[in-house]
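Chemist: A structural model of the following input is requested.
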Amino acid sequence: MSSAKTRLRRDGFTFKQFFVAHDRCAMKVGTDGILLGAWSPVAGVTRILDIGAGSGLVALMLAQRTGDSVTIDAVELDGDAAGQAQENVMESPWSARINVHSAEIQTWVKTCPLRYDLIVSNPPYYEKGVDCATPQREQARYTTSLDHSALLACATECITEEGFFCVVLPESTGNVFTQKALEMGWHLRLRTDISDTESRLPHRVLLAFSPAAGECFCDRLVIRGPDQRYSEGYTGLTQDFYLFM
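Modeler: Model prediction:
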């Protein structure tokens, strides 16, 4: 193995079927993105849009979960992250199905004629506060570059009538986001509250909205059991991705 390849493997995360380098991305591979990529409903989808793709993690996970006829557009504002996402895609088995776009999503959706069956986003969720170490990390963490009303409006522009828009957020932020979505005409269809352990309150929430009304299914996922090993539920959700499962 070359020294370049060795460095690449050290600066990222190895999954069962692909590798994600993230050394040039403000936000690294983490549980939030893995949850979103493994949880989002993919049955019957033909076109997927990933808003704020970062390293390309979620797009790659969704490519693994779907068939050869499914295409994915991954849009990322930060040029360094978009470049790294493109490299990760090209190294993956699904380079023909994932298109990475370095663009501001508000501008991009205005020129995109397509509508998507599934839209996913691991969005910024902090209000402007303590300065981050870099402008890139600030952009990825704070809603100043893409507030939630703007994100919902972008999804509205390009979702199919029966499509799903899925996000992962802190639990308290998710409640506010849900109220905003309902006010804008979305319907909450799926909600999974995420807790570290059985005894702890939820700290994250996975949400799926649709323009179409319908029953809302809610559940809870605990990441670790009493022995601190991954729970049966979390293992079942993510075992196709983690090397050690």
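
Chemist: D73 and Y116: what is the separation?
Modeler: 8 Å (CB to CB, to the nearest Å). To be clear about C-beta, it is placed using only N, CA and C from the backbone, and glycine gets the same treatment.

Chemist: between these two, which contacts overlap?
Modeler: Common contacts of D73 and Y116, defined by CB atoms under 8 Å, 6 or more residues apart in numbering, comprise R47, I48, L49.

Chemist: between those, which is closest to P41?
Modeler: Using CB to CB, I48 is the member of the shared contacts of D73 and Y116 that sits closest to P41, with 11.0 Å.

Chemist: what's the next secondary structure element after the helix or strand harbouring the closest one?
Modeler: Taking DSSP states H and E as the definition, I48 sits inside strand 47-51. Going down the chain from strand 47-51, the next helix or strand is helix 57-65, by DSSP H and E.

Chemist: tell me the helix or strand right after that following helix.
Modeler: For helix 57-65, the following helix or strand on the C-terminal side (DSSP H and E) is strand 71-76.

Chemist: tell me what the following helix or strand past that next one is packed against?
Modeler: Per DSSP H and E, the first helix or strand lying C-terminal to strand 71-76 is helix 79-90. Counting contacts by 3 or more CB pairs under 8 Å, 6 or more residues apart in numbering; DSSP states H and E, the secondary-structure elements packed against helix 79-90 are strand 19-21, helix 57-65, strand 71-76, strand 98-102, helix 135-141.

Chemist: contact partners of helix 79-90?
Modeler: For helix 79-90, the external contacting residues (CB under 8 Å, 6+ apart) are 12, 18-26, 53-56, 59-60, 74, 76, 95, 98, 100-102, 136, 140.

Chemist: cool, and stretch 188-198?
Modeler: 35, 39, 41, 164, 166, 171, 178, 181-182, 201-210, 214-226.

Chemist: now that stretch: mean pLDDT?
Modeler: Averaging pLDDT along stretch 188-198 gives 97.

Chemist: now it: buried residues?
Modeler: For stretch 188-198, the neighbour count (16 or more other CB atoms under 10 Å) marks L188, R189, L190, R191, T192, D193, I194, S195 as buried.
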